[in-house]
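A.B. asks: got a structure for you, letters missing:
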């Protein structure tokens, strides 16, 4: 089984040589492989070290960005460049143990399409572990994907998964959910989480806020992208119905002699009806766009046998 290792790098000069040594030793026992490092605009000399590593190892390729675009962009570039049937990802800070890779690959051979690492025992301070657990609980609850550590950098995929999942912004945190929504089989495996030896974490508490916004994007893309009217239409019909109820009530009391022209409820009813119709119309337009896009896409992978 040939393997492409995709490793995003941002300011990790002290860990790169040790990481490459460990990763190369593990992959050498798995068969043919390639290692793709993505320098995400490092300014500490990481790019120079990666070029030295590539000069000494023909299985290494280095992709360098002009500036720091983020982990999702780095992974997307690595996924596009990967050429092997199995793709693995891991962080470059040595907290992901490359020795876990063979066990995760075995799960692929058992029929899974993606295996996500689960850092069940974490060597992080409480102020990182507690928000992470709450965050992962919310993700499991809202996406319905039973992954305990969706943000773990150590993951193994079949190439079909990474070639069909589009990630940008902060969506790399939700690759298991995106893959599940695409119809792939997703599981997880407990992996070792090693203490950070060098440098400092690149993430703060703000990533959880940004991650929550990205979660809504994932939910919409996964559940409503092919049927947007189910999303916008429900909102539109609810608002319109509320507006009609209010207007009907005001109509009844108007017939009974009560003035309604200067009542705030009168304007609220009109506003709800107008906004509700706009939401419903937006859903219809989105449905038309999706139907046209679906006709333009090639949905059939193959026909077997090709001829009778």
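C.D. replies: Noted; the coordinates are in hand. All values reported here derive from a predicted model rather than from experimental measurement.

A.B. asks: quick one: contacts for residue 30?
C.D. replies: Neighbour list for residue 30: 1, 3, 101, 102, 105 [criterion: CB atoms under 8 Å, 6 or more residues apart in numbering]. From N, CA and C alone the C-beta is placed, and that goes for glycine too.

A.B. asks: now these as TSV including neighbour count, distance to residue 55 and pLDDT?
C.D. replies: Formatted as TSV, the contacts of residue 30 follow (neighbours: other CB atoms under 10 Å; distance: CB to CB, whole Å; pLDDT from 0 to 100):
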residue	neighbour count	distance to residue 55	pLDDT
1	13	27	72
3	21	22	92
101	25	24	93
102	13	28	92
105	17	28	92
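
A.B. asks: out of these, flag the one nearest to residue 85.
C.D. replies: Nearest to residue 85 out of those is residue 1 (CB to CB; 6.6 Å).

A.B. asks: the closest one reaches residue 109, doesn't it?
C.D. replies: Yes: contact criterion CB atoms under 8 Å: residue 1 and residue 109 qualify, at 7.5 Å.

A.B. asks: re earlier: farthest pair within the contacts of residue 30?
C.D. replies: Of all pairs drawn from these, the greatest distance, 11.2 Å, lies between 1 and 101 (CB to CB).

A.B. asks: buried sites along the biggest helix by length in the chain?
C.D. replies: Secondary structure assigned by DSSP state H gives helix 264-296 as the longest helix of the chain. Neighbour-count burial for helix 264-296 flags 266, 269, 272, 273, 276, 279, 280, 282, 283, 286, 287, 290 (criterion: 16 or more other CB atoms under 10 Å).

A.B. asks: just those now: which is nearest residue 182?
C.D. replies: Closest approach between the buried residues of helix 264-296 and residue 182, by CB to CB: residue 290, at 15.9 Å.

A.B. asks: poorly predicted segments of the stretch 101-250 of the chain, please.
C.D. replies: Within the stretch 101-250 of the chain, the stretches with pLDDT under 70 are 199-209, 221-222, 224-226.

A.B. asks: strands along that one, start to end?
C.D. replies: In the stretch 101-250 of the chain, the strands defined using DSSP state E, counting those that start in this stretch lie at 114-118, 155-158, 186-190.

A.B. asks: those into TSV, with extra columns for distance to residue 165 and mean neighbour count?
C.D. replies: Putting the strands of the stretch 101-250 of the chain into TSV (distance: least, CB to CB, whole Å; neighbours: other CB atoms under 10 Å) gives the following:
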stretch	distance to residue 165	mean neighbour count
strand 114-118	9	26
strand 155-158	9	25
strand 186-190	11	19
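
A.B. asks: and of the ones you listed, who's closest to residue 47?
C.D. replies: Judged by CB to CB, the one of those that comes nearest to residue 47 is strand 155-158, at 24.5 Å.

A.B. asks: who does that closest one touch, helix- and strand-wise?
C.D. replies: In terms of contacts (3 or more CB pairs under 8 Å, 6 or more residues apart in numbering; DSSP states H and E), strand 155-158 is packed against strand 86-89, helix 101-109, strand 114-118, helix 175-181.

A.B. asks: need the ones you listed in JSON lines (columns: distance to residue 145).
C.D. replies: Shown next, in JSON lines, are the helices and strands packed on strand 155-158 (distance: least, CB to CB, whole Å):
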{"stretch": "strand 86-89", "distance to residue 145": "17"}
{"stretch": "helix 101-109", "distance to residue 145": "16"}
{"stretch": "strand 114-118", "distance to residue 145": "9"}
{"stretch": "helix 175-181", "distance to residue 145": "5"}
